[in-house]
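In: return atomic coordinates for the entry below.
(2 chains)
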2 protein chains.
Amino acid sequence: MTSYTPTQLFETLRSFDTEIGLVGPDELANRDPGEHPQNFEAGVMAFPATTEAVARLVSWCGRENVAIVPQGGRTGLVGGNISRPGELIISTARLSAIDMLDPAERTAVAQAGVTLQALQEAAGRHGLTTGVDLPSRGTATIGGMVSTNAGGILAFRNGVMRHQVLGLEAVMPNGEIFRDLTRVVKVSAGPDLKHLFIGGEGAFGIVTRVALKLESRRAARATALIGVANAEAALSVIGHFRDLPFALLEGAELMWQRFIRDSAETFGLDLGWLEPETAAVLLIEVSAESVAVATEALESGLEELWGPAGLTGGIVAQSLDQARRFWQLREESHFIYRFHPGAPSFDVSVPPRHLDDYVAGLRARLKTIDPAYDAYVYGHIADGNLHLSIANVDTSAADHLLPIEDAVYTGVTETGGSFSAEHGVGIEKRHAYQTFCHPEKQALARQLKALLDPKGLFNPGKVPF
Amino acid sequence: MTSYTPTQLFETLRSFDTEIGLVGPDELANRDPGEHPQNFEAGVMAFPATTEAVARLVSWCGRENVAIVPQGGRTGLVGGNISRPGELIISTARLSAIDMLDPAERTAVAQAGVTLQALQEAAGRHGLTTGVDLPSRGTATIGGMVSTNAGGILAFRNGVMRHQVLGLEAVMPNGEIFRDLTRVVKVSAGPDLKHLFIGGEGAFGIVTRVALKLESRRAARATALIGVANAEAALSVIGHFRDLPFALLEGAELMWQRFIRDSAETFGLDLGWLEPETAAVLLIEVSAESVAVATEALESGLEELWGPAGLTGGIVAQSLDQARRFWQLREESHFIYRFHPGAPSFDVSVPPRHLDDYVAGLRARLKTIDPAYDAYVYGHIADGNLHLSIANVDTSAADHLLPIEDAVYTGVTETGGSFSAEHGVGIEKRHAYQTFCHPEKQALARQLKALLDPKGLFNPGKVPF
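Out: Residues are numbered from 1 along each chain as shown, chains lettered A, B, ... in the order given. Sure, this is the predicted structure:
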């Protein structure tokens, strides 16, 4: 599509616009490419500091037929950031200002390159926080989280990024700036086209600025790990705490046996309190007006639920440090790859009523492929979002992935779930998109892509465009 | 565009599909057209009972170049349901089933013609309710509420319809069915095109089925009316109750002086407890684990805030009946038209920090047009959604509306608000749309309309398509 080598592109852009920071192939080769080793293959990265500079770059690329890969924190897990020689990476790193933050309105306007943690810290100074939280908060950017419609820990209560975005600015493939920076939740003023950019994975535009809702942050918390027989039991615990009038559910993460066992071993947590055959462990956190009230809510709730929900052991964190260590068990899930390098990993949504059937069926389907296969299963139980990594797979074998994908995706769409819950499509879920996304919706998406980006220059090869 | 008279259309459709209920010009002339007298001008209404029947009708209309106006409860306030001779009204009245409702999942799948109240009653049997509530609940349909992205009373907490929709099915102008009925909140599986239909006002498709989140319903409540000096004082009261750990804010409606005075007179509420010069009255409702806790939370909160927020009188409802009468003051706003028939009415969102300046500026701008002009101002204060009706306007005078629109919309967009908060564009806000919607967004909306509905047969003349 382009006639530029990386070096030619670097040299040409240096003379085109001296205001735009640029990094070329030599320097980029020494930087950390983030979650995917091919993220920096393009070899040239631009750092525009304003929306207008992004627009100038996009217009130039349009004239020159240079494809563009936008990058934020490069924490994406499905290859949505990979780039190839001849393409230009546009980084949002210099779009790093929080333009405004209003504690009374509970709104913030942040440029795309602001990290989640930076926004959380700014909001935290006013007793507020972001409605979406996720483990990669220190690196993930607001723009990237909008582009992938990130979900995380609080989606059962606050929704996902799509539900937190009040307004948005983006540069479209034609170089024009889409401006829709309302800061109000109620807008019924014609088609709400900003949703094309939310979860659009850069196919329709580069998000440059976002107006977000903020939520109250309650510091007084209590945290527990509870042994449960299945997802249904975990959901009954969650149902109790979701309805409490004097405490708020802040987290509900379920870790099935293989995951919690290997995680506890990795991070040195003694599971002696847990009956050995327990199917899963629920990490639950509630907040209240004081730590004492939160702890009392948690302890009395669990006592009440013990028999009815068939709970099989549990510990309540006795300190903030212990609570942090409970969360580490769940959040630092990279330990899986130490046990099983390259383990195929998935991220599905399953309506909660179907979770137990789904997990049992998945394990059975994996065994029919290879009796050694097993799944690490963990995730955001209250909204049905499961993360899965498949153990004991010989990833060097050709075609090892297709039967596993079949096993993982069976029944997900039919029961009202999604083959990608919060990671997006990128390059890794393209086959699933083509298989499970309704054909009419795929056709419409292709038409929109042709309309907005007729040359196909925006993040080519992702979603499947 | 069409060669059919209403009678010809009626006769032709009767023979085309005997399964589809039809009402012709004679019978329709005797029915209540709903909020707008021109809703039934088309004279022919079809009542398909299945999505497939809607699709058959749409395909037939496409072949015959017959334009379509979808109608739900006809409670829309901006003329989005008006129809003209030669067009076909497609009513969702027979799409009236609740397909499923899962209390553990807190989800429901409802056909488009289900009324909000019917869904609330079904959910109420499980201690749940819809996340969106509004005064026309007995008539407004889920399909219509999705198509206009309705907001209502709880948007400050739960968002608007867009934030409550998990999945959606719609018939597109090409007669194909768009199916995307996930029941999970986390979906990042390619462009989320269902948002074209949410708030699309029927321009891109007819919504036939919706999967919705449900929310906990807490019956134990306390309700008060409080005199406040301005929106800022009301927002400080709301801020207190939004952060309470043992009570939940269920409603925060502000009624400025002219509105509360005339409403109290209409519904026979004694305002003797209110200092006569008080600028506005805040209706506030909280829920808790018991009525006693809710009442205590409300009373102690107001006591604490009395001095700091400059409150000037208040009454706490002593019974459910009194609470209902407080809500009547706010919800039965049609009384305005008894005082001022045809009063021009508006529905704007203003970021809360700008509310007082906006209301003061509006009053001043109205006085410069005509010293007799005044505004009824009331609305959902926590999310900045104001409803406005202009008093003392000679609506028979030519061109009376344009200067009033100028006065109402001045500053709304610039401060991050919206010219239409929850009523949509329809025909009445077309001028505002053309003036205040960003040109790039308008251009993109037109391109999408041309792509999806090249003949312009879906709800023509609305939004401005």
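
In: next, the contact list for the closest residue to residue A:10 other than its chain neighbours, please.
Out: Using CB to CB, 6 or more residues apart in numbering or on different chains and skipping the chain neighbours, the partner closest in space to residue A:10 is residue A:24 (3.8 Å). Just so you know, the C-beta spots here come from the backbone N, C-alpha and C atoms, and that holds for glycine as well. By CB atoms under 8 Å, 6 or more residues apart in numbering or on different chains, residue A:24 lies in contact with A:6-7, A:10, A:43-44.

In: one more pass at 10 Å, please.
Out: Each residue near residue A:24 by CB atoms under 10 Å, 6 or more residues apart in numbering or on different chains is listed here: A:6-7, A:9-11, A:13-14, A:43-45.

In: confidence score at it?
Out: Looking at residue A:24, its pLDDT stands at 96.

In: returning to that earlier point: closest to residue A:323 out of the contacts of residue A:24?
Out: residue A:45 (38.8 Å; CB to CB).

In: what's across from that closest one in the sheet?
Out: Partner residues in beta bridges with residue A:45, using DSSP bridges, are residue A:23, residue A:89.

In: what about the strands in the stretch 1-150 of chain A?
Out: According to DSSP state E, counting those that start in this stretch, the stretch 1-150 of chain A carries its strands in the segments A:21-23, A:45-47, A:68-71, A:88-91, A:98-102, A:107-111, A:128-130.

In: so what does the last one touch, helix or strand wise?
Out: The one in question is strand A:128-130. Applying 3 or more CB pairs under 10 Å, 6 or more residues apart in numbering or on different chains; DSSP states H and E, one finds that strand A:128-130 contacts strand A:107-111, helix A:116-124, strand A:206-216.

In: what about the first one, near chain B?
Out: Yes - in terms of CB under 10 Å from any CB of the partner chain, part of strand A:107-111 sits within range of chain B, namely A:107, A:109.

In: make CSV out of the strands of the stretch 1-150 of chain A and add mean neighbour count.
Out: Formatted as CSV, those follow (neighbours: other CB atoms under 10 Å in any protein chain shown):
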stretch, mean neighbour count
strand A:21-23, 17
strand A:45-47, 21
strand A:68-71, 27
strand A:88-91, 24
strand A:98-102, 16
strand A:107-111, 24
strand A:128-130, 24
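
In: next one: the helix or strand containing residue A:364 to chain centre, how far?
Out: For residue A:364, the element it lies in under DSSP states H and E is helix A:355-369. Distance of helix A:355-369 from the chain centroid (CA atoms, centre = their mean, to the nearest Å) equals 24 Å.

In: the nearest residue to residue A:429 once chain neighbours are set aside: what secondary structure?
Out: Residue nearest to residue A:429 in three dimensions, not counting chain neighbours: residue A:420, with 5.0 Å by CB to CB, 6+ apart. Secondary structure state of residue A:420, per DSSP: H, G, I helix; E, B strand; the rest coil, is coil.

In: re earlier: can you give me phi and psi for the residue nearest to residue A:10?
Out: Here is the backbone geometry of residue A:24 (degrees, to the nearest 10): phi -100, psi -180.

In: likewise for residue A:378?
Out: Per degrees, to the nearest 10, the backbone of residue A:378 is at phi -160, psi 160.

In: any chance of CSV for the helices and strands packed on strand A:128-130, columns mean pLDDT?
Out: Output for the helices and strands packed on strand A:128-130, formatted as CSV (pLDDT from 0 to 100):
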stretch, mean pLDDT
strand A:107-111, 98
helix A:116-124, 98
strand A:206-216, 97
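
In: phi and psi next, for residue A:126.
Out: Here is the backbone geometry of residue A:126 (degrees, to the nearest 10): phi -120, psi 20.

In: report pLDDT for it.
Out: pLDDT, residue A:126: 95.

In: give the next helix or strand downstream of the host helix or strand of residue A:292.
Out: Element membership for residue A:292 (DSSP H and E) is helix A:291-305. Counting by DSSP H and E, the next helix or strand C-terminal to helix A:291-305 is strand A:314-316.

In: identify the residues contacting that following strand?
Out: So strand A:314-316 is contacted by A:222-228, A:237, A:269-274, A:281-282, A:284, A:295, A:298-299, A:302, A:306, A:322-323, A:326 (CB under 10 Å, 6+ apart).

In: would you mind pulling up the elements that the helix or strand just after it packs against?
Out: Per DSSP H and E, strand A:314-316 leads on to helix A:320-331 as the next helix or strand towards the C-terminus. Helix A:320-331 sits against strand A:221-228, strand A:248-256, helix A:257-267, strand A:280-287, strand A:314-316, strand A:374-380, with contacts defined as 3+ CB pairs under 10 Å, 6+ apart.

In: from the chain's centroid, how far away is the shortest one?
Out: In other words, strand A:314-316. Computed by CA atoms, centre = their mean, the chain-centroid distance of strand A:314-316 equals 28 Å.

In: can you check stretch A:445-461 too?
Out: Centre-to-centre, stretch A:445-461 and its host chain are 23 Å apart (CA atoms, centre = their mean).

In: going by neighbour count, which residues in that stretch are buried?
Out: A:445, A:448-449, A:452-453, A:456-461 (16 or more other CB atoms under 10 Å in any protein chain shown).

In: check whether that stretch contacts chain B.
Out: Yes - part of stretch A:445-461 sits near chain B under the criterion CB under 10 Å from any CB, namely A:445-452.

In: columns pLDDT and secondary structure on top of those, output as CSV?
Out: Formatted as CSV, the residues of stretch A:445-461 next to chain B follow (pLDDT from 0 to 100; DSSP: H, G, I helix; E, B strand; the rest coil):
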residue, pLDDT, secondary structure
A:445, 97, helix
A:446, 97, helix
A:447, 97, helix
A:448, 97, helix
A:449, 98, helix
A:450, 97, helix
A:451, 96, helix
A:452, 97, helix
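
In: gap between the residue most central in space within chain A and residue A:32?
Out: Nearest to the geometric centre of chain A sits residue A:150, at 4.0 Å (CA atoms, centre = their mean). From residue A:150 over to residue A:32 the distance is 21 Å, taken as CB to CB, to the nearest Å.

In: no more questions from me, cheers.
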